[in-house]
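In: Got a predicted structure plus its sequence, pasted below:
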Amino acid sequence: IDLPSLNPTDLLDGQHLQSSSSVPAITAADVAQAISNREITLAYQPKVGCISGELMGFEALARWNHPEYGFIAPDVFIAIAEQNHLIDDLTLLVFEQALPWFNQFCQQQRQNPTTAQANQLICSINISAVSLRNLKLFHQIEALCVSHGVKLHSIMLELTETGAMDDPVASLDILTRLRMKGFQLSIDDFGTGFSSMLQLVRMPFSEVKVDKSFVMTAQQSRESRLVIQAIIELAHSLDMKVIAEGIEDYATLQFLQQQGCDKAQGFFIGRPVPADEIDQWLQQRKLALEQQRLKALESL
Ligand code: C2E
Ligand code: MG
Ligand code: MG
Ligand code: MG
């Protein structure tokens, strides 16, 4: 088999390699086995205050390093899991790993005098649209949170716009129940399905996540900037917070700050990393923020 060569820079962020035609087709049986063998692990990507730069929490992202084929893109194995009734097991595996990690991280931050609000940190988990009608899954998730001592309001469920808005009446019912239980809800990849802009008015989301396709083109495209501005205005008028994903440079971060975006996420701030690399990110981040402050003082 012609395996793709491993590029060390691709491994740095816990990211996958580009899917390549030389990677053999992954089957449902492969994914099922990966779940039961716990080969699927997590990378955590920080979410920070857009202006303050303060750590608000992390998004857990599934990673699969196949023993033979190397890193498989989540888009690939998540889709297979969704199509083969494996996604709920995968979601539970994600919670089983994220909850103890998050609990420990918060405890550690509480002892860190430079982090003020450890009890306000939030752990975001992606939920597939196909799971939305499965009440049993959410009961299982709730039970896991309780047994790990994680409060439901510290958990943010990220649902993609296209999935959540496919059947808005059914979604509204379950989303309202989840919100009433205490879960926070984020609408992911927002802006890619325009029909739903108005439906957002009735939906109990705490956060709207601007799709990275707009954020990554904000510098070149006036249309992207207009869409971002419109989403921020709409979300704020509905009392929802806005987060931008896919921020890859300082100029884009500045633009979002000027537009009043609340939270920020992207490679420029922090790549998704395995749990044992988060301390290193926190250290680097502290230095970077200090340097920024000094620069700002100098320019006064
Ligand atoms: P998503 O939830 O929209 O996650 C954002 C994706 O953008 C992630 O890709 C992340 O690594 C990537 N990203 C973050 N910042 C940047 C940036 O600055 N530039 C660029 N180019 N990319 C950035 P990833 O990890 O490959 O995940 C892809 C998608 O797979 C996710 O999109 C999500 O829909 C799905 N996914 C990942 N983990 C899970 C999971 O545990 N459960 C479910 N249901 N879906 C998951
Ligand atoms: Mg997400
Ligand atoms: Mg997204
Ligand atoms: Mg996405």
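Out: Nice, I can see it. Ligands and ions are numbered 1, 2, ... in the order given.

In: alpha carbons only for contacts and neighbour counts from here, please
Out: Noted.

In: thought Q199 was touching D167?
Out: No: counting by CA atoms under 8 Å, Q199 sits too far from D167 to count as a contact (10.6 Å).

In: more crowded one of the two?
Out: Legend: neighbour count by other CA atoms under 10 Å for Q199 and D167, higher for Q199 (13 against 10).

In: could you say what helices and strands the helix or strand containing D88 packs with?
Out: In this structure, D88 sits in helix 87-110 according to DSSP states H and E. Contacts of helix 87-110 with other secondary structure elements, assessed using 3 or more CA pairs under 8 Å, 6 or more residues apart in numbering; DSSP states H and E, are made with helix 28-36, strand 40-49, strand 55-66, helix 74-83, strand 122-127, helix 135-147.

In: Quick one, which of the ones you listed gets closest to G163.
Out: Nearest to G163 among the helices and strands packed on helix 87-110 is strand 122-127 (9.7 Å), distances taken as CA to CA.

In: residues from the stretch 51-200 of the chain in reach of ligand 1?
Out: Contacts of the stretch 51-200 of the chain with ligand 1, taken as CA under 6 Å from any ligand atom, map to 61-62, 73-75, 78, 91, 94, 126-128, 188-189.

In: Please convert the helices and strands packed on helix 87-110 to CSV, extending it with mean neighbour count, distance to ligand 3 and mean pLDDT.
Out: Listed next are those as CSV, based on neighbours: other CA atoms under 10 Å; distance: least, CA to the ion, whole Å; pLDDT from 0 to 100:
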stretch, mean neighbour count, distance to ligand 3, mean pLDDT
helix 28-36, 17, 22, 97
strand 40-49, 23, 12, 97
strand 55-66, 21, 10, 96
helix 74-83, 16, 11, 96
strand 122-127, 22, 9, 97
helix 135-147, 15, 21, 97
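
In: From P168, how far off is the closest residue to L238 other than its chain neighbours?
Out: For L238, the nearest residue in space outside its immediate sequence neighbours is V201; the separation is 6.7 Å by CA to CA, 6 or more residues apart in numbering. As for V201, its distance to P168 is 11 Å (criterion: CA to CA, to the nearest Å).

In: between these two, which one's more packed in?
Out: Taking other CA under 10 Å, V201 and P168 do not tie; P168 has more neighbours (16 against 13).

In: Who are the contact partners of the more buried one?
Out: With contacts defined as CA atoms under 8 Å, 6 or more residues apart in numbering, the neighbours of P168 are Q199.
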